[in-house]
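J.: quick one: sequence plus predicted model below, questions after.
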Amino acid sequence: MPQRTSLAIGSLLALTLGSAGTLLAPAASATSPYANTHWHAAEYIYANGCSAVPNPATPPADAPAAADGARHTFNQDYTATVTNTGDGTDITDVTYSQNASGSLGARGSDPSSISMAYSGKTTVTPHKTPSLCQVEGYVEAQLHFDFTLTKPMWVNVSLSSRGHGYTEVYIYDVDNDPYLDMYNDQLKVDTSGRAYLPAGHYSGYLEGDTDIAPTTTAASGSMRATFTVPGSKSTGPSGKAKSYVGLGSARSCATHTLATKVTTNKKRAKTIKKIVFTVNGHKVKTVRSHLRGKTIPLTLSDTKAANVKATVTTVTVKKKHHHKKKIHKTRTVTASYLACS
């Protein structure tokens, strides 16, 4: 089984897994891969030696999140009065709010993408200076989900975070073992990662927190998980040799090969002297004759991503003043493919 992936940025925080919730969101279709998709809200405000009274007193209840591919919003707004228990004149007003949006998309009976973005702001206004009430806390939104994979998939995750906040993507299996955990605490970060998920059942959440501090703070972040079939093309093809050699739209995980095909154009194929194929920087095959329309399979390792390059050398003849001059040119085409496992 592939290595599980954990990618942490910033301060390490203790992670406690709780209930994934009990609400069921409306299914996107009869074959939707999702269940139990919902928003979860939380807030916490505290000041040592002071009483903190938030309004509303409790966060909104868990709310269903429709797994229909559309973008939906989930917002929170609070005020709080913080009073020094030893000095009734030492009062601090706090406002804290956060706006979040997210979507859950599917492609047939498999998930295609899960995303969330958030932004929040906290304002702390003491009536007395200096105030002994040093306020701290957070306002939090989580987009929870369960999903089923009918076949193995790669999950590609991106995370961006700014300001005084916490941002996390967490996916775990039915045994509560993490397959991917990427998070950032209060750093300016743009990062990405990838994990291989065997077919099966998974749960997880995307989370965004805005911190409350003794001064005005702001935070924002975005997370996105996209699901891709193993062996799929990740980049390309690109390069001037595209019209000479076609690189397959995907590698075959069943035959452990990538199909490439030489052009069927008679005039263009006639100029090809040789084609050199490299995989991950290593030469794997050279072909030289009877190339027009030929399919050339390249053997690839299932456990490695493949960066494939075809280098085409052509020779054309140019006539000038009753003389013939051979013109050699080299062109390349490249493409990259995800591993099969």
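T.: Ah, there it is.
J.: look at the nearest residue to Pro214 once chain neighbours are set aside and report its pLDDT.
T.: Excluding its sequence neighbours, the residue lying closest to Pro214 (CB to CB, 6 or more residues apart in numbering) is Gln134, at 5.1 Å. For glycine as for every other residue, the C-beta is placed from the backbone atoms N, C-alpha and C. pLDDT for Gln134: 95.
J.: then Asp146?
T.: Taking Asp146 on its own, its pLDDT is 96.
J.: ok, now how distant is it from Thr81?
T.: 39 Å (CB to CB, to the nearest Å).
J.: before we move on, back to that, list the contacts of the residue nearest to Pro214.
T.: Ala47, Asn48, Pro214 (CB atoms under 8 Å, 6 or more residues apart in numbering).
J.: which phi and psi does it have?
T.: Dihedral pair for Gln134: phi -90, psi 100, per degrees, to the nearest 10.
J.: what about burial for the contacts of Gln134, which qualify?
T.: Buried members of those, scored by 16 or more other CB atoms under 10 Å, are Ala47.
J.: next, format the contacts of Gln134 as a markdown table and append distance to Thr260.
T.: Shown next, in a markdown table, are the contacts of Gln134 (distance: CB to CB, whole Å):
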| residue | distance to Thr260 |
| --- | --- |
| Ala47 | 66 |
| Asn48 | 67 |
| Pro214 | 62 |
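J.: just the ones in strands from the contacts of Gln134, please.
T.: Ala47 (DSSP state E).
J.: just the contacts of Gln134 now: which is nearest Lys294?
T.: Proximity of the contacts of Gln134 to Lys294 (CB to CB) peaks at Pro214, which lies at 71.5 Å.
J.: run through the residues that contact the closest one.
T.: Contact analysis of Pro214 by CB under 8 Å, 6+ apart lists Val124, Gln134, Val135, Glu136.
J.: go on, Thr217?
T.: Contacts for Thr217 (CB under 8 Å, 6+ apart) come out as Lys121, Thr122, Gly163, His164, Thr210, Asp211.
J.: most surrounded residue in those residues?
T.: Highest neighbour count within the contacts of Thr217: Thr210, with 29 neighbours (other CB atoms under 10 Å).
J.: what about the one helix or strand that residue maps to, distance to the chain center?
T.: Following DSSP states H and E, one finds Thr210 within strand 200-212. Offset of strand 200-212 from its chain centre (CA atoms, centre = their mean, to the nearest Å): 13 Å.
J.: any idea which helix or strand comes after that strand?
T.: Following strand 200-212 in sequence order, the next helix or strand is strand 217-228 (DSSP H and E).
J.: adjacent strands (with direction) for that next one?
T.: strand 110-126 (antiparallel), strand 153-163 (antiparallel) (DSSP bridges).
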